[in-house]
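Peer 1: Got a predicted structure plus its sequence, pasted below:
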Protein chains: 2
Amino acid sequence: MLPLEEWRMGFDERFPIYRQIVNELSRSLVRGKVAPGERIPSIRDMSLALRVNTNTVQRAYQELERNSIIFSQRGTGYFVMEDTHMIDRVKSGMVRDSVSRFLQEMTSLGFSRDEIVSALEIQMKEGTDNVADDGARS
Amino acid sequence: MLPLEEWRMGFDERFPIYRQIVNELSRSLVRGKVAPGERIPSIRDMSLALRVNTNTVQRAYQELERNSIIFSQRGTGYFVMEDTHMIDRVKSGMVRDSVSRFLQEMTSLGFSRDEIVSALEIQMKEGTDNVADDGARS
DNA sequence: GATAGTGTAATAGAGTAATGGTACACTGCT
DNA sequence: AGCAGTGTACCATTACTCTATTACACTATC
């Protein structure tokens, strides 16, 4: 299992912490940071690593369990689902959400399809060596 | 001034209502739905149109005033700022936020720059006659 | 069996978002 | 002056998030 240090993350005050943990763990799974079947840190360990209350981590884990991404084994720990198709499903869902929100926002600002692509490419060139920072803080 | 009917909007339970009002009014300004100097509905009228409490609308208006997008005239109403450069400023800011958030999300999912553009273009073709719906409800 | 580590559940408190309601000050109009 | 419409400012209440704490049940290991 990954060392606890690897799980540190910054939180954005504007959104619920438990939801940010859900997103971060989902992304870690999609990026292959955690493998199917692997165990993730216990609620208590994770709450220490993230400097967050155990209840908050528990809520995040239960949310992930509800989404069939992890499962709990009483007295033992939480584990990533073995189903490999699940990863593709999660990844597709997150990509779809991200793209459709982006399209919706840009369209509501009056951008045409071509203009959306242009704006994206321009900003990608600008920020070649910049980090996309939308204000995440601990 | 636009008829009150035109202001109806659906809210996403996941985010504060006042913030969604701020975004919607900002978008309306950028899209030219409201002109510089024009008056926007009173707090009471807007709260009726949106079926939301007056305090919620008041908070949204104060937020927009803090951002120098509108200004209040006691006893008369709220008005859009006259400064035309302001609109460009607001538009640029919203575009920048939207694009950088999108880039950040896609990068965190392991997408390269080329893959980001591809995913965007694919989903743009798919949804040619679909509405981007990320779950907004009233 | 005893122990440590785990998931699970419950309670109480602080802070914020949002509602519902009331009151006051100001403006424009008659 | 009187009135309607407006911005502004409170208060109490409800709901949600997060924290702090405690307790209990289960598993693996010795």
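Peer 2: The structure has been received and is ready for your questions.
Peer 1: all contacts plus neighbour counts: C-alpha atoms, from now on.
Peer 2: Fine.
Peer 1: who in chain A is up against DNA strand C?
Peer 2: Within chain A, the residues that sit near DNA strand C (C-alpha under 7 Å from any atom of the strand) are A:41-45, A:55, A:58, A:62, A:72-78.
Peer 1: Now the buried members of those.
Peer 2: Among those, those that count as buried by neighbour count (16 or more other C-alpha atoms under 10 Å in any protein chain shown) are A:P41, A:S42, A:I43, A:Q58, A:Q62, A:Y78.
Peer 1: Can you lay out those as a markdown table showing distance to chain B?
Peer 2: Listed next are these as a markdown table, based on distance: C-alpha to the nearest C-alpha, whole Å:
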| residue | distance to chain B |
| --- | --- |
| A:P41 | 21 |
| A:S42 | 24 |
| A:I43 | 24 |
| A:Q58 | 20 |
| A:Q62 | 18 |
| A:Y78 | 22 |
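Peer 1: what two of those are the furthest from one another?
Peer 2: A:P41 and A:Q62 (13.9 Å; C-alpha to C-alpha).
Peer 1: got the contact list for the longest helix seen in chain A?
Peer 2: Counting residues, the longest helix found in chain A (DSSP state H) is helix A:84-108. With C-alpha atoms under 8 Å, 6 or more residues apart in numbering or on different chains as the test, helix A:84-108 has contacts from A:26-27, A:29-30, A:36, A:69, A:116, B:27, B:31, B:95, B:98-99, B:102, B:105-106, B:109, B:119-120, B:123-124, B:132-134.
Peer 1: Give me the subset of the buried ones among the residues of chain A next to DNA strand C lying in strands.
Peer 2: A:Y78 (DSSP state E).
Peer 1: Give me the subset of the buried ones among the residues of chain A next to DNA strand C lying in helices.
Peer 2: Those of those lying in helices (DSSP H): A:I43, A:Q58, A:Q62.
Peer 1: In contact with the last one: list those residues for me.
Peer 2: Read it as A:Q62. So A:Q62 contacts nothing (C-alpha under 8 Å, 6+ apart).
Peer 1: Read off the pLDDT value for it.
Peer 2: pLDDT, A:Q62: 97.
Peer 1: Residue numbers of chain A in contact with DNA strand D?
Peer 2: Counting by C-alpha under 7 Å from any atom of the strand, chain A sits next to DNA strand D at A:15-19, A:51-56, A:73-76.
Peer 1: Which of those residues scores worst on pLDDT?
Peer 2: Lowest in pLDDT among these is A:F15, which has 91.
Peer 1: Ramachandran angles for that one?
Peer 2: phi -120, psi 150 (degrees, to the nearest 10).
Peer 1: Identify the residue nearest A:V34 in space, chain neighbours excluded?
Peer 2: Leaving aside its chain neighbours, A:V34 sits nearest to A:S28 (6.2 Å; criterion: C-alpha to C-alpha, 6 or more residues apart in numbering or on different chains).
Peer 1: Just the buried residues of stretch A:14-34, please?
Peer 2: A:17-22, A:24-31, A:34.
Peer 1: So, low pLDDT: which residues of chain A?
Peer 2: A:129-138 (pLDDT under 70).
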